[in-house]
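Student: Show me how the following folds:
(chains A, B, C and D)
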There are 2 protein chains.
Amino acid sequence: MSDRRPRKPPYSIDVVLLTAVRGQLAVLLSRSPDGREKWTLPWDSAKNGEALDATASRISKSILGEDTAWKEQIGAFGDGKRHPSDAEISVAFAGLVPTGTPSPVGGVYAWFPLADVPALSPRQRQILDTAVSMIRTRMDQSPVAFRLLPQMFTLTELQQMYELLLAKRLHKASFRRALQGAWLVEPTDEWRSEGRGRPAQLYRFAPRKRRPAQRGIRLDLLSS
Amino acid sequence: MSDRRPRKPPYSIDVVLLTAVRGQLAVLLSRSPDGREKWTLPWDSAKNGEALDATASRISKSILGEDTAWKEQIGAFGDGKRHPSDAEISVAFAGLVPTGTPSPVGGVYAWFPLADVPALSPRQRQILDTAVSMIRTRMDQSPVAFRLLPQMFTLTELQQMYELLLAKRLHKASFRRALQGAWLVEPTDEWRSEGRGRPAQLYRFAPRKRRPAQRGIRLDLLSS
DNA sequence: CGAATTAGTCACCAATCGTGACTAATGTCA
DNA sequence: TGACATTAGTCACGATTGGTGACTAATTCG
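Tutor: Numbering: from 1, shown residues only, chains lettered A, B, ... in the order given. Sure, this is the predicted structure:
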């Protein structure tokens, strides 16, 4: 988060780090050095010759200790709306952080549930909204839910993650049947006993190329 | 596209205009003023204070006479790959042009079927590939096929457009049943007689909000 | 007129999906 | 120790959706 002010950078790289906290999506914000209770999305300007996603990786790494396992560009933003940098445009990336990852120490960074995000600059607010909506609509194309979970997880946890992202309850049997047909996970030989109740088998994300999903068209998904 | 060289712009706006020509997707390229047979994606730098998509609209309008009915940002590109501008990064937009739109006159612009696109700068090549792949994967979320057709079209034309985008044959009855269930088109009272055979009724794109498509999850679409 | 051609529909069957009820394996507590 | 609560995991039925070939409809051509 360099805060050098000598000359205005041509563009900033902003990072939307998302995780799941207690059944809600949460975004990582950075405390502004100047204001008292002002928060911003982490951002920086690119070093000389650095690729766009490399800058995003560097930012993530500097905050979390390592890069996110998944990252996607959200787009470029710059409708003249204000931004903590004075850059004309900002290129935004979204990254997913598994639950259970140790939180960054120090009072500089904090996770905010989406419902409790404080006021941001207009451009960063738009970036956040676009990132969340993109994550939610790209679920079918990207392994989003898996990247919000640790490497090993129970099927109930996976289902709850899907329910969180879809904001909709799923039926257990349907969910597992669909999962089976998609060849996305494989069981490990470990089990986890979570208090009372039968222990759950742990699975890992292991997509197989089998069956290229030769299905029909789905016109009914068209939103607008 | 302006070719002023005095100072390097901070970023360029590149536009990928796509249409369908004889059963193939085609992209509009602009002849380089310097080289003899060099072609580029249309691009320009933003005027002062102009929003990103406003620049893209201005470029489209200057080429086609009017803006495209549909346009989407593809993203920001700038991994140090070369670009006709010397901008560090380029923000790309895709726009769809209905078949039958009068082609831009003069030898400056031309439509190239995707298979016959000449060599482009590395960055523009990447932009084009990303744009096409985005269009194809976002078909379910955006009315892509409809924006490649004139306002009124026959269902056979619509089906052929879907077949072109999906690179896959569709069964007539299935296609029409899915279309009916999606409430996307409405019939007009006009018909078109295309040579021999029974005349076809013309339809228009008229999505209705009915039935929010309360369907299950589709895990089997997950690609990676 | 009849054949060819394209549009549009129907109906059968298979595959998929929503659902409730079932079994399985553990902890809790009397 | 045994009944109960709790969570995991599966099964099977009926309803819906989807793939498909064959059908009817309306036009041009010769």
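Student: need the contact list for A:Ser121.
Tutor: A:40, A:81-84 (Cβ atoms under 8 Å, 6 or more residues apart in numbering or on different chains). For every residue, glycine as well, the C-beta is placed using N, CA and C.
Student: meant to ask about A:Val144
Tutor: A:70, A:96, A:135, A:138, A:165.
Student: Residue ranges in chain A under the pLDDT threshold?
Tutor: A:1-8, A:35, A:210-216, A:223-224 (pLDDT under 70).
Student: and the longest strand for it?
Tutor: Taking DSSP state E as the criterion, chain A has its longest strand at strand A:11-21.
Student: export the contacts of A:Val144 to CSV and tack on neighbour count and distance to B:Arg196?
Tutor: Converted to CSV, these look like this (neighbours: other Cβ atoms under 10 Å in any protein chain shown; distance: Cβ to Cβ, whole Å):
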residue, neighbour count, distance to B:Arg196
A:Trp70, 17, 54
A:Leu96, 23, 56
A:Ile135, 22, 51
A:Arg138, 15, 45
A:Leu165, 18, 52
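Student: which pair in those residues spans the largest distance?
Tutor: Greatest spatial distance in those: A:Trp70 and A:Leu165, 13.6 Å, computed using Cβ to Cβ.
Student: which residues does A:Ala115 contact?
Tutor: So A:Ala115 contacts A:Gln24 (Cβ under 8 Å, 6+ apart).
Student: returning to what we had before: greatest separation within the contacts of A:Ser121: which pair is it?
Tutor: Pairwise over those, using Cβ to Cβ, the maximum falls at A:Thr40 and A:Lys81, 13.6 Å.
Student: can you count the residues close to A:Leu17?
Tutor: 27 (other Cβ atoms under 10 Å in any protein chain shown).
Student: thought it was touching A:Phe93?
Tutor: No: contact criterion Cβ atoms under 8 Å: A:Leu17 and A:Phe93 do not qualify, at 9.2 Å.
Student: buried set for stretch A:190-210?
Tutor: In terms of neighbour count (16 or more other Cβ atoms under 10 Å in any protein chain shown), stretch A:190-210 has its buried residues at A:200, A:202-203, A:205.
Student: For A:Phe112, which residues are in contact?
Tutor: A:26-29, A:39, A:118.
Student: In JSON lines: these, plus neighbour count, distance to chain B and secondary structure.
Tutor: JSON lines is the format used below for the contacts of A:Phe112 (neighbours: other Cβ atoms under 10 Å in any protein chain shown; distance: Cβ to the nearest Cβ, whole Å; DSSP: H, G, I helix; E, B strand; the rest coil):
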{"residue": "A:Ala26", "neighbour count": "21", "distance to chain B": "23", "secondary structure": "strand"}
{"residue": "A:Val27", "neighbour count": "24", "distance to chain B": "21", "secondary structure": "strand"}
{"residue": "A:Leu28", "neighbour count": "23", "distance to chain B": "22", "secondary structure": "strand"}
{"residue": "A:Leu29", "neighbour count": "23", "distance to chain B": "23", "secondary structure": "strand"}
{"residue": "A:Trp39", "neighbour count": "19", "distance to chain B": "24", "secondary structure": "strand"}
{"residue": "A:Pro118", "neighbour count": "10", "distance to chain B": "26", "secondary structure": "coil"}
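Student: just those now: which is nearest DNA strand D?
Tutor: Nearest to DNA strand D among the contacts of A:Phe112, counting by Cβ to the nearest atom of the strand, is A:Ala26 at 22.3 Å.
Student: Run through the residues of chain A sitting next to DNA strand D.
Tutor: A:154-156, A:172-173, A:176-177, A:194-201, A:215-216, A:218 (Cβ under 7 Å from any atom of the strand).
Student: which ones among the residues you listed come in contact with DNA strand C?
Tutor: A:172-173, A:177, A:195-199.
Student: so which strand or helix has the nearest residue to A:Ala145 once chain neighbours are set aside?
Tutor: Nearest non-adjacent residue to A:Ala145, counting by Cβ to Cβ, 6 or more residues apart in numbering or on different chains: A:Met161, 4.4 Å away. Using DSSP states H and E, A:Met161 maps to helix A:155-166.
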